[in-house]
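**Student:** Have a look at this prediction, sequence included:
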Amino acid sequence: MTRFLPVTIKFVDGSTTVVSSIAGAKKALGGRWKNKEAIAYGAAVRLVDDALSGICRPAVAFAAFKEAAKEQGLLKPANTSAALAMLDKLWSRDGG
């Protein structure tokens, strides 16, 4: 299954998971969400199922999953890569 840049989801019960595939998104959609009746959540469930069935592009389904998680405040911000952190340090030293 197609892999995507990993995203971290923090569920309502405080547990977290890292999702980087459609299969992972399907599993995460079964976790503790704030509102499983939300329109974006329902769309994500449908599109992820469709992607697993081969009738939806995985990129579309993963984007819907991320949007649903973001809408409910479950999407944790990505950590800055080590290379970007080094560039930020260099930039701030130069007064950039």
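**Tutor:** In hand now; what should we look at?
**Student:** Give me the pLDDT for T80.
**Tutor:** T80 carries a pLDDT value of 61.
**Student:** what does G95 give?
**Tutor:** 54.
**Student:** low-confidence ranges in the chain?
**Tutor:** Scanning the chain for pLDDT under 70 picks out the ranges 1-2, 79-85, 93-96.
**Student:** so where do the strands sit in it?
**Tutor:** Remark: strands assigned in the chain by DSSP state E are 3-10, 16-21, 75-76.
**Student:** Including distance to L47 and mean neighbour count, could those strands go into TSV?
**Tutor:** Every residue, glycine included, has its C-beta placed from N, CA and C. Output for those, formatted as TSV (distance: least, Cβ to Cβ, whole Å; neighbours: other Cβ atoms under 10 Å):
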stretch	distance to L47	mean neighbour count
strand 3-10	14	16
strand 16-21	14	15
strand 75-76	16	16
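**Student:** where's stretch 41-48 relative to the chain centroid, distance-wise?
**Tutor:** 13 Å (Cα atoms, centre = their mean, to the nearest Å).
**Student:** closest one to R32 among the strands of the chain?
**Tutor:** Of all the strands of the chain, strand 3-10 sits nearest to R32, with 10.0 Å by Cβ to Cβ.
**Student:** Mind listing the strands the closest one pairs with, and their directions?
**Tutor:** Paired strands of strand 3-10, with direction, are strand 16-21 (antiparallel), strand 75-76 (antiparallel) (DSSP bridges).
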